[in-house]
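S.K.: model the following, please.
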Amino acid sequence: MMISTRGRYALRVMIDLAEQSTDSYIPLKEIAARQEISEKYLESILKLLVKGKILTGLRGKGGGYRLNRAPQEYTVTSILELTEETLAPVACLEKDAEPCTRASACKTLNMWKGLDRLIRDYFDHITLADLTDQVSEAHIFPPPSTSS
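M.R.: Predicted coordinates:
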């Protein structure tokens, strides 16, 4: 699985908005300048986030974008699911995938399902607040457990 530029930028934008900690609308131009993302590309990402109802956009004077909820109510999964076509590690586990005719004989299916669960569990436990309050890598990204 590889997260696209669109997904990475969406996370950056959401963190940026969370760090503004304001109920006012933040202009696209300001977000683009802080994040060093072209306004045109950023606008396409923001449209996805508004359509997914995790941001509110307002046009005109005093317009811009703002979060709909508190930062701790957004998970990385909720953001990436709007911007990525899939988070599934293999095609047969995608949301609307056709049933695989080889599933009953597939020796790797359970492995892929396990990886899919790990990815989702990991991203489900990281909130926007975690990303804005991150003190150290160990704060939200504990080292993997080691087996002896």
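S.K.: point out where this structure drops to low pLDDT.
M.R.: 21, 135-148 (pLDDT under 70).
S.K.: in it, which spans are helices?
M.R.: Along the chain, the stretches classed as helices by DSSP state H are 5-20, 28-35, 39-51, 76-83, 109-124, 128-132, 137-140.
S.K.: residue 27 touches residue 60, doesn't it?
M.R.: No: in this structure, residue 27 is not within contact of residue 60 by C-beta atoms under 8 Å, at 10.9 Å. In this view, the C-beta of every residue, glycine as well, is placed from N, C-alpha and C.
S.K.: of these two, which one has the most company?
M.R.: Neighbour count, other C-beta atoms under 10 Å: between residue 27 and residue 60, residue 27 has more, with 15 against 7.
S.K.: and the closest residue to the more buried one other than its chain neighbours, how far from residue 80?
M.R.: Closest residue in space to residue 27, ignoring its immediate chain neighbours: residue 64 at 4.2 Å, by C-beta to C-beta, 6 or more residues apart in numbering. Residue 64 sits 23 Å away from residue 80, going by C-beta to C-beta, to the nearest Å.
S.K.: just residue 131 next, same as before
M.R.: For residue 131, the distance to residue 80 (C-beta to C-beta) stands at 12 Å.
S.K.: okay, now residue 14: neighbour count?
M.R.: Residues near residue 14, counting by other C-beta under 10 Å, number 24.
S.K.: same thing with residue 129?
M.R.: A count of neighbours around residue 129, defined by other C-beta under 10 Å, yields 16.
S.K.: quick one: contacts for it?
M.R.: Counting by C-beta atoms under 8 Å, 6 or more residues apart in numbering, residue 129 touches 18, 70, 71, 72.
S.K.: at 10 Å instead, please
M.R.: Going by C-beta atoms under 10 Å, 6 or more residues apart in numbering, residue 129 touches 15, 18, 70, 71, 72, 73, 74, 140.
S.K.: likewise residue 89?
M.R.: Residue 89 is in contact with 1, 111, 112, 113, 114, 115, 116, 118, 119, counting by C-beta under 10 Å, 6+ apart.
S.K.: show the buried residues in those.
M.R.: Buried subset of the contacts of residue 89 (neighbour count, 16 or more other C-beta atoms under 10 Å): 112, 115, 116, 119.
S.K.: just send the contacts of residue 89 back as TSV, with distance to residue 98 too.
M.R.: Shown next, in TSV, are the contacts of residue 89 (distance: C-beta to C-beta, whole Å):
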residue	distance to residue 98
1	20
111	20
112	16
113	17
114	22
115	20
116	17
118	24
119	21
